[in-house]
Every structure is written in structure tokens, then in C-alpha cells.
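> quick one, structure for this:
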Amino acid sequence: MDRIKNSVNELIKTLKAHEDYVEYCQCREELEHLPDLKKRVNAFRVRSFKLHNGIVFDDIFKENDIIMEEYLELIKYPLVKKLLESELSLCRMVQSVHREIAASVDLDISDFQEHMYQEEE
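From the prediction side, this is the model:
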């Protein structure tokens, strides 16, 4: 287990040294000095997270339009544009690492995998 912990810590160190993470942290720090803008950005991020993670909305198409309008307004600020771009890049990196690990470890779930995402009856 120590080898795994060491490898995970090394991966974390590598991710934190990546230019996208450094840029993300710098943007976040700058945004701290703009509390109203930060509040708008965070509201957008929460709304976007909910939409992309299956939270049910009354009208998903309307919600998508609202989010797109908010996005287009927010990226007029170069700081926000850089923040959201670097955040997206980081999320994609972490997802990629997760997918590679999950695909490499055979947990032998084929016999019940089809039942994993069905609603309980």
C-alpha cells in the first residue's frame, strides 16, 4: 500500500506542477479580489455542474440556454475565461487518469454490470 500511496502522491505533485493547475490557482487568487464576479462565476459553475451531472431540471433545454448565456457573459472577462479553460483542462486530465486506472483494473463485474445503473424496483 505504501507504493500506491507514494505513486498517488507523485501523481498529485505532477498535476499540481502542470501549467493548467498553476494558471487555475493564479486565476482563482485574482478572482478573490473581485467578490461580485467570483459570486457570479461560482453560481455558474454550480449550475453547470448540476446540468452536466444529471440533476433534474423542469426544462433542461431552457436551463442549457441560460447556462450558455451566462457563460458568454462571463468569458468577456479574460480572467474568467482563463479560469474556466484551465479548470476544464484539469477536469479532463483527472477524468483521463481515472478512466485509465479503471480500465486497467479488472474487477470482474461483467456478470452484474448491466444492473448497476438500473433504478431499483
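
> tell me the spacing between Glu29 and Lys38.
11 Å (C-beta to C-beta, to the nearest Å). C-beta coordinates here come from the backbone N, C-alpha and C atoms, glycine included.

> repeat for Asp20
Distance from Asp20 to Lys38, by C-beta to C-beta: 20 Å.

> about what we covered before: of Glu29 and Lys38, who's got more company?
Neighbour count, other C-beta atoms under 10 Å: between Glu29 and Lys38, Lys38 has more, with 16 against 9.

> residue closest to the middle of the chain?
Cys91 (4.2 Å; C-alpha atoms, centre = their mean).

> what helix or strand is that one located in?
Using DSSP states H and E, Cys91 sits within helix 78-104.

> same for that helix, what does it pack against?
The contact analysis (3 or more C-beta pairs under 8 Å, 6 or more residues apart in numbering; DSSP states H and E) places helix 78-104 against helix 2-17, helix 19-31, helix 35-52, helix 60-74.

> and these, which is most packed in?
helix 19-31 (a mean of 15; mean count of other C-beta atoms under 10 Å).

> what angle do that one and helix 78-104 make?
Put simply, helix 19-31 runs at 140 degrees to helix 78-104, going by axes from the mean of the first three to the mean of the last three C-alpha atoms, to 10 degrees.
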